[in-house]
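Enquirer: give me a 3D structure for the following:
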Amino acid sequence: MTHQEDKKVSDSHVEMTEMVLPNHTNRLGNLLGGQLMHWIDICAAIAASRHTNRVCVTASVDDLNFLHPITEGEVVTLRASVNRAFTTSLEVGVKVISENLLTGERKHANTAYLTFVAIDETGKPVRVPTIRPVEKEEKRRYEDAARRRALRLERRKKYS
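Expert: Numbering: from 1, shown residues only. Here you go, the predicted model:
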């Protein structure tokens, strides 16, 4: 196990798999956006808690891009990991892949970026461990997270 204040991105990795059933779809037979957002939030929350060893609450969802419809009967794989840790918050990226089990076709269906805050037993924010990106892609996501955070804070100022 790594030092509490220095964890690797791979320490927080989560992979979830769900099958799209009729109760998950709209009248067109496509996965409901709200259902996918629910799965994304759960997957990301697990990654955040895995990184912090704390309860983490969703603070924001910056981007949620629906690239392709996901249809009934397809399998959805969600992959989440912490992109960057700040003082009491962290950004988690989630990539969603849809798979047609009959054809084997897989598509990148969605990408989402969520911010979580780690809290203590009284609900107060607490400091989170830092993260150490190792791989080239992890380093790119680490840098991109800083840019997204700056935009997020600017938006928050505008609406405060």
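Enquirer: CA atoms for contacts and neighbours, from now on please.
Expert: Fine.
Enquirer: need the contact list for Ala48.
Expert: Contacts for Ala48 (CA atoms under 8 Å, 6 or more residues apart in numbering) come out as 12, 56, 81-82, 90, 92, 116, 118.
Enquirer: switch to 10 Å and redo it
Expert: By CA atoms under 10 Å, 6 or more residues apart in numbering, the contact set of Ala48 is 12-14, 42, 54-58, 80-83, 85, 89-92, 114-118, 128.
Enquirer: just Leu64 next, same as before
Expert: 33, 37, 40, 94, 110-114.
Enquirer: which of the residues you listed lies closest to Ser160?
Expert: Of all those, Ser160 sits closest to Leu114, with 19.8 Å by CA to CA.
Enquirer: these two touch, right, that closest one and Ser60?
Expert: Yes - counting by CA atoms under 10 Å, Leu114 does reach Ser60; the two are 5.7 Å apart.
Enquirer: okay, and the common contacts of the two?
Expert: With CA under 10 Å, 6+ apart as the test, Leu114 and Ser60 both reach Glu91.
Enquirer: higher neighbour count, the two?
Expert: The residue with more neighbours, out of Leu114 and Ser60, is Leu114; 23 against 13, by other CA atoms under 10 Å.
Enquirer: what about the more buried one, distance to Thr25?
Expert: According to CA to CA, to the nearest Å, Leu114 and Thr25 sit 24 Å apart.
Enquirer: average pLDDT across the lengthiest helix in the chain?
Expert: Assignment by DSSP state H gives helix 136-159 as the longest helix of the chain. Average pLDDT, helix 136-159: 90.
Enquirer: what sits up against it?
Expert: Counting by CA under 10 Å, 6+ apart, 8-10, 60-63, 81-86, 90-93, 113, 115, 131-133 sit against helix 136-159.
Enquirer: what of stretch 121-128?
Expert: Applying CA under 10 Å, 6+ apart, the contact partners of stretch 121-128 are 4-6, 48, 51-57, 85-90, 117-120.
Enquirer: inside strands: which ones of these?
Expert: Using DSSP state E, 6, 55-57, 85, 89-90, 117-119 are the members of the contacts of stretch 121-128 that sit in strands.
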